[in-house]
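>>> A predicted structure for the sequence below; I have some questions about it.
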Amino acid sequence: MSSTGSLRERLLTLGRQTFVYGLAGAAAQAVGIITLPVFARVFTPSEYGVLEIATVGYAAVLVFADTGLTSGAQRSYFDYDEEQQDERRMALFTGLAASLAWGGLFVLLLLAFAEPVSRWVFDGQEYDSIVRIVALTVPLGTIAAFSREAMRLKFRPWTYTGSALLASAGSALIAVVFVVALDEGVKGVVLGSLIGIGLAAVYGVATTRHDLFGRFSPSELRKMVSYALPLVPAAVAMWGLTFVDRILLARLGSLADTGEYAVAMRFAFVLMLVVTAFATAFGPFQLSLWREDAELEKRVRDHELTYLTIVLVSIAVILSVFARDIVSVMAPSFTRAYEIVGLLTMSIVLWGIANLVLFGIGLMRRTGYVAAFTLLACAVNIGLNVALIPPFGMVGAAVANLVSYLLLTVAYYRTSQRLYPTDYTLSKPIKVLLVGALAMAVGALPLGTSPLVWAAKIATVALFAASLWLLRVLDERELTELRGLMTRARAFGRAQA
């Protein structure tokens, strides 16, 4: 097979896996979009803020429970080849057992101190039952996450999708029943998550028991921990970078502001599903390719950077430009959420790029850099939030978020290039980012809904698309490459039908 043909085949393989993983995320976001108008009409902005803080809290405890062991287990997994299946099972089980044992301590602490935690987090409002439900969800989430890791490492994207669907769709549908039929309020949504994630955990154990369960190895755990420990502050900082804006907005602003911010974040979550799908497929795929052909891996990654940026920015432009129109239909009482959709979606674009360009850091096992840079970005985020929220409210929080992700992406790129240089064609993604930012700014303008405004918004999206050709981001060679990939993808789709 020619070099070009091999590159196309590799990109197509990654594209297929990303598509399948994306189905899980897309379904989850579709469920979220369906439930948004339900919850937005049942809950006040303040209650929606409480729900958002509960979601943030669950993510935080899950980060502490994991302590980087999922990433450590993945890296240890690839220390062994296909013939060493017992050792691979040992790596996964060691990570799971250690994560459950460590996470159990946090669960017990939350259960014991639910009332004071509730009073502090919710500014004097007592939601201790929500804190307890969140605590009980954590071990189930850990099991579900590790089982999906086994599916991912065994390249079983459809099984992974089934697990993710049980967690997301099951949680959302059960939550609607609790909220609408049983009038359980915010507590009903959290209960729905507990049950849905529990179903995913049961399904995960049933489908991956032969890949996930093996013997526990203290020596493997020591090696895993040495890899994962630098990721612990990185994971904590990443949680802070991702969620601290809502906590500070609730403290320095109001729960109503937090509710508006949460609705705007739902647009960013649509984009996040693409990033998550790509990142889920990217790690095992890229490591496997690197073991086979290091130079081909670099060429594939260069193409991936251009294509990923185009896809993410294109989605962000559409979401941002039409944000006010979508919010007016989905959540009409949240009148200011559209103002920050562009800022938040661009942050997710940068996060997607960061996931790709940090490959060299992980490959060289220099995860300490990940910790240092993420802590720096988190500190900058907190500082900017404290400075910008009082005068600018949720807009200040969104700006702080964007600046922090930009800093993180640049730091990852520069360090990864020093450790493991790759010849990226940077001019193309930079052009896409700049033109996309101009188009996305249109969505923040306080425009009405007249036919003229709609025409202007459609023209904005069309001009952005045309600029990709005019600026030679997509030249004839790129388009030929894409057409070849699409032809092969259609053939794959027919074969799967």
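Received the coordinates, thanks.

>>> So, low pLDDT: which residues of the stretch 1-150 of the chain?
1-33, 123-126 (pLDDT under 70).

>>> switch to 50 and redo it
Within the stretch 1-150 of the chain, the stretches with pLDDT under 50 are 1-4.

>>> Arg336 reaches Ala444, doesn't it?
No. With contact defined as CB atoms under 8 Å, Arg336 does not count as touching Ala444 (10.7 Å). In short, each C-beta sits where N, CA and C put it, glycine included.

>>> hey, where'd the helices end up in the stretch 201-350 of the chain?
Per DSSP state H, counting those that start in this stretch, the stretch 201-350 of the chain carries helices over the ranges 218-228, 231-248, 255-292, 294-321, 323-330, 341-357.

>>> Comparing these by mean pLDDT, which bottoms out?
Among the helices of the stretch 201-350 of the chain, helix 231-248 carries the lowest mean pLDDT, at a mean of 71.

>>> can you redo the helices of the stretch 201-350 of the chain as a markdown table with distance to Glu184 and mean neighbour count?
Shown next, in a markdown table, are these (distance: least, CB to CB, whole Å; neighbours: other CB atoms under 10 Å):
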| stretch | distance to Glu184 | mean neighbour count |
| --- | --- | --- |
| helix 218-228 | 38 | 17 |
| helix 231-248 | 23 | 22 |
| helix 255-292 | 19 | 22 |
| helix 294-321 | 31 | 21 |
| helix 323-330 | 22 | 18 |
| helix 341-357 | 29 | 26 |
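
>>> would you turn those helices into JSON lines with distance to Thr449?
As requested, those are exported to JSON lines (distance: least, CB to CB, whole Å):
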{"stretch": "helix 218-228", "distance to Thr449": "50"}
{"stretch": "helix 231-248", "distance to Thr449": "29"}
{"stretch": "helix 255-292", "distance to Thr449": "18"}
{"stretch": "helix 294-321", "distance to Thr449": "13"}
{"stretch": "helix 323-330", "distance to Thr449": "6"}
{"stretch": "helix 341-357", "distance to Thr449": "16"}
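
>>> Out of the ones you listed, which is closest to Leu110?
helix 231-248 (15.5 Å; CB to CB).

>>> quick one: Leu252 from Val380, how far?
17 Å (CB to CB, to the nearest Å).

>>> do the same with Phe285
32 Å.

>>> and what of Leu221?
34 Å.

>>> can you check Leu271 too?
Counting by CB to CB, the gap from Leu271 to Val380 is 22 Å.

>>> Then Phe113?
30 Å.

>>> Check Ala323 too.
26 Å.

>>> what do you get for Pro218?
In this structure, Pro218 and Val380 are 39 Å apart, going by CB to CB.

>>> now Arg472, what's its secondary structure?
coil (DSSP: H, G, I helix; E, B strand; the rest coil).

>>> same thing with Ala54?
Going by three-state DSSP: Ala54 is helix.

>>> does it really touch Val190, like I thought?
Yes. The pair Ala54 and Val190 qualifies as a contact (CB under 8 Å) at a distance of 5.6 Å.

>>> list residues touching both of those two?
By the contact definition CB atoms under 8 Å, 6 or more residues apart in numbering, Ala54 and Val190 are jointly contacted by 130, 134.

>>> Pick out whichever of the two has more residues nearby.
Val190 (28 against 22; other CB atoms under 10 Å).

>>> what's the offset of the host helix or strand of the more buried one from the middle of its chain?
Under the criterion of DSSP states H and E, Val190 resides in helix 186-212. In terms of CA atoms, centre = their mean, to the nearest Å, the centre of helix 186-212 is found 19 Å from the chain centre.

>>> Tell me the buried residues in it?
By neighbour count with 16 or more other CB atoms under 10 Å, helix 186-212 contains the buried residues 186-204, 207-208, 211-212.

>>> do stretch 100-111 as well
Result for stretch 100-111 [16+ other CB under 10 Å]: buried residues 100, 103, 106-107, 110.

>>> Give me the contacts around it.
61-62, 64-67, 69, 117, 131-132, 134-136, 138-139, 142-143.

>>> Stretch 313-327 too?
263-264, 267, 270-271, 274, 334-335, 337-338, 341-342, 345-346, 348-349, 432-433, 436, 439-440, 442-444, 447, 449, 457, 460-461, 464-465.

>>> again with stretch 389-398
Contacts for stretch 389-398 (CB under 8 Å, 6+ apart): 245-246, 248-249, 252-253, 257, 260-261, 264, 336, 339-340, 343-344, 347, 384-385, 387-388, 399-400.

>>> Off-centre distance for that stretch?
Averaged C-alpha coordinates place stretch 389-398 at 23 Å from its chain's average position (CA atoms, centre = their mean).
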